[in-house]
Every structure is written in C-alpha cells, then in structure tokens.
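# Quick one, structure for this:
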Amino acid sequence: MNETTAEDAEVKAIAMEIEQYLEKHPRSKDSLEGIRSWWLTHGPRPLTPAKVEKALDSLAVRGVVSKERLADGRVIYAAVTHKDAN
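Modelled structure (predicted):
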C-alpha cells in the first residue's frame with residue numbers, strides 16, 4: 001500500500017468515526033480541535049489536524065456535516081439533521 005492510499009484509508013476511517021459519533025450525539029457541534037480532542041479515539045498515532053479536516057470536508061461534501069464560520073474566523077462543524085417530510 002502506498003502512502004497516499006494509506007492516508008486515504010486513514011481519512012475514511014476518521015470520517016466513519018465522526019459519523020458514528022454524530023449518530024450517538026446528533027446535536028453536537030465543535031471546532032476542528034474540539035473534534036480531534038473529544039470526538040475521536042486516538043489509536044497508536046495522534047491524528048493530524050490536516051487528516052481530520054480532510055475527513056470533515058468529505059463529510060460536508062456528502063451532506064453529513066455543515067460548516068459554519070464564526071465572526072472570529074473559527075469554523076464549527078455540526079451534524080446536518082434531516083427533518084421527516086411527514
């Protein structure tokens with residue numbers, strides 16, 4: 001497995017872990033650092049901010065999370081909730 005493939009697999013695993021966290025805590029919202037610190041379990045290596053951000057960006061593209069930029073420039077991520085049509 002080359003380095004890019006390994007990184008892609010790690011980013012997908014991070015995205016899956018974030019999705020699982022949001023299934024249990026659908027009203028959660030936090031910054032990149034908060035997500036790294038509190039939402040994700042840390043395996044043998046610490047997760048780099050770049051990999052977590054790539055995972056969050058992929059989830060945003062898929063409509064799983066939303067990104068909100070605050071007035072001070074920080075970005076907050078939250079689960080996208082889908083209301084029933086009934």
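
# which helix of this structure spans the most residues?
Selection of the longest helix in the chain by residue count, based on DSSP state H, yields helix 3-24.

# Check for me that residue 78 belongs to a helix.
No. Secondary structure assignment places residue 78 outside any helix; it is strand (DSSP: H, G, I helix; E, B strand; the rest coil).

# can you pull the contacts of it?
Taking C-beta atoms under 8 Å, 6 or more residues apart in numbering, we find residue 78 in contact with 28, 29, 65, 66, 68. C-beta here means a position set from N, CA and C on the backbone, and glycine is covered the same way.

# Buried subset of those as a PyMOL selection?
The PyMOL selection below is limited to those of the contacts of residue 78 classed as buried (16 or more other C-beta atoms under 10 Å):
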select buried, resi 28+65
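
# got the contacts of residue 78 as TSV, with distance to residue 59, secondary structure and pLDDT columns?
Formatted as TSV, the entries for the contacts of residue 78 read as follows, by distance: C-beta to C-beta, whole Å; DSSP: H, G, I helix; E, B strand; the rest coil; pLDDT from 0 to 100:
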residue	distance to residue 59	secondary structure	pLDDT
28	13	coil	94
29	13	strand	95
65	4	strand	97
66	10	strand	96
68	14	strand	95
